[in-house]
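Novice: Mind looking at a prediction? Sequence and model below.
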Amino acid sequence: MSTTEFLNTDPFDAARAAADYIAEETGIDAHDVALVLGSGWGDAAELIGETTATLSADEVPGFSSPSVVGHVGTIRSVLTKEGKRALVLGARTHYYEGKGVRAVVHGVRTAAAAGCKTLVLTNGCGGLNEDWTPGTPVLISDHINLTATSPLEGATFVDLTDLYSARIRGLAREIDPSLDEGIYAQFTGPHYETPAEVQYAKRIGANLVGMSTALEAIAGRHAGMEVFGISLVTNLAAGISPVPLSHEEVLEAGHAAGPRISKLLAEIIAKL
Ligand code: 8IG
């Protein structure tokens, strides 16, 4: 499916076509849980189970290769020890890529069409709480959508009161009681915030800032999935620390967090 064809197709038909392709190529008629891997989470899928099929994102209808180097461009079918089928989407489309909101949530809609009842969204983001040193995982309890757009079109009035599943957050805290919760503000990016924008985000109630997740969560809820979101704070948001972190420190912290967040994610999926 070319970009033009994709834009001219009903988004739910496009998701159906992608899900049919995935079922055909993986040999799995219905997946149970979808996992979207954000920055810092690439290796976290390894512990979830055994990968039984790997598709390149650009071969699946409506998907395209990620434009950010380091973002994994594959779609994998993983079999967990508990016998659940996980669809691991390593190919997130960001709003800042300019492909439109339909493209941003195509993976989420495809996951729903592929049978997924649970949507696990991960991301790397900036933190506003100084206690959250780089490498800290934080459960998303709610979001503020600052993109000025929605994945829903027309008179689609979806209730978002309990968008981020309290049930799954509870499971995560049973695994690791030290996990904090935060409110995620999705900015459009691709630039990072100014210090004034970070203070604005703080005043309106956010403590995590990033460039993804909120639009996908809305589409996930609309598609009927139970949504769980978890952020990896990879840096303090602009202006929060008087001493700017070095890029090396950030990379090092993210790397050091790898085993902890991988194990956490695997244990959450095992408990769903
Ligand atoms: I990694 O500080 C990462 N992604 N908007 N702000 C925004 N996105 C991010 C940040 C950040 N860090």
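Specialist: Received it, and whenever you're ready, just let me know what you need. Numbering: from 1, shown residues only.

Novice: per-residue pLDDT, residue 57?
Specialist: For residue 57, the pLDDT comes out at 88.

Novice: isn't it right up against residue 74?
Specialist: Yes. Applying C-beta atoms under 8 Å, one finds residue 57 in contact with residue 74, separated by 6.2 Å. (Each C-beta comes from the backbone N, C-alpha and C, glycine too.)

Novice: does any part of the longest helix belonging to the chain sit near the ligand?
Specialist: Longest helix in the chain by number of residues (criterion: DSSP state H): helix 247-271. No. Remark: helix 247-271 sits outside contact range of the ligand, by C-beta under 6 Å from any ligand atom, the gap being at least 7.9 Å.

Novice: which of the residues in that helix are buried?
Specialist: Of the residues in helix 247-271, 250, 253-254, 257-258, 261-262, 264-270 count as buried by neighbour count, 16 or more other C-beta atoms under 10 Å.

Novice: returning to what we had before: what residues are shared contacts of residue 57 and residue 74?
Specialist: Shared contacts of residue 57 and residue 74, defined by C-beta atoms under 8 Å, 6 or more residues apart in numbering, comprise 90, 91.

Novice: where does residue 125 fall, phi/psi-wise?
Specialist: When read as degrees, to the nearest 10, the backbone of residue 125 gives phi -150, psi 180.

Novice: can you put the buried residues of helix 247-271 in JSON lines and add pLDDT?
Specialist: Shown next, in JSON lines, are those (pLDDT from 0 to 100):
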{"residue": "250", "pLDDT": "72"}
{"residue": "253", "pLDDT": "78"}
{"residue": "254", "pLDDT": "77"}
{"residue": "257", "pLDDT": "90"}
{"residue": "258", "pLDDT": "87"}
{"residue": "261", "pLDDT": "92"}
{"residue": "262", "pLDDT": "91"}
{"residue": "264", "pLDDT": "94"}
{"residue": "265", "pLDDT": "94"}
{"residue": "266", "pLDDT": "94"}
{"residue": "267", "pLDDT": "95"}
{"residue": "268", "pLDDT": "96"}
{"residue": "269", "pLDDT": "95"}
{"residue": "270", "pLDDT": "94"}
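
Novice: show me the contacts for the residue of the chain found nearest the ligand.
Specialist: The nearest approach of the chain to the ligand comes at residue 126, 2.3 Å away (C-beta to the nearest ligand atom). By C-beta under 8 Å, 6+ apart, the residues touching residue 126 are 192-193, 198, 208-210, 233-238, 240.

Novice: Just send the residues you listed back as TSV, with secondary structure, distance to residue 246 and pLDDT too.
Specialist: Converted to TSV, the contacts of residue 126 look like this (DSSP: H, G, I helix; E, B strand; the rest coil; distance: C-beta to C-beta, whole Å; pLDDT from 0 to 100):
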residue	secondary structure	distance to residue 246	pLDDT
192	coil	15	92
193	coil	19	94
198	helix	19	97
208	strand	21	98
209	strand	20	97
210	strand	21	96
233	strand	16	95
234	strand	13	92
235	strand	10	91
236	strand	12	93
237	coil	16	94
238	coil	15	92
240	coil	15	92
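
Novice: Can you show me the helices along the stretch 101-250 of the chain?
Specialist: Ranges of helices within the stretch 101-250 of the chain are 101-104, 106-113, 166-175, 195-203, 214-222, 247-271, based on DSSP state H, counting those that start in this stretch.

Novice: Quickly find the element holding residue 52.
Specialist: Assigned by DSSP states H and E, residue 52 belongs to strand 49-56.

Novice: chain center to that strand: distance?
Specialist: How far strand 49-56 lies from its chain's middle: 19 Å, per C-alpha atoms, centre = their mean, to the nearest Å.

Novice: and what of stretch 144-155?
Specialist: 17 Å.

Novice: tell me which residues form a beta bridge with residue 54?
Specialist: With DSSP bridges applied, residue 54 shows beta-bridge pairing to residue 76.

Novice: That one touches residue 87, doesn't it?
Specialist: No. With contact defined as C-beta under 8 Å, residue 54 does not reach residue 87; the gap is 11.7 Å.

Novice: Find residues that contact each of the two.
Specialist: Residues touching both residue 54 and residue 87 (C-beta under 8 Å, 6+ apart): 75, 76, 77.
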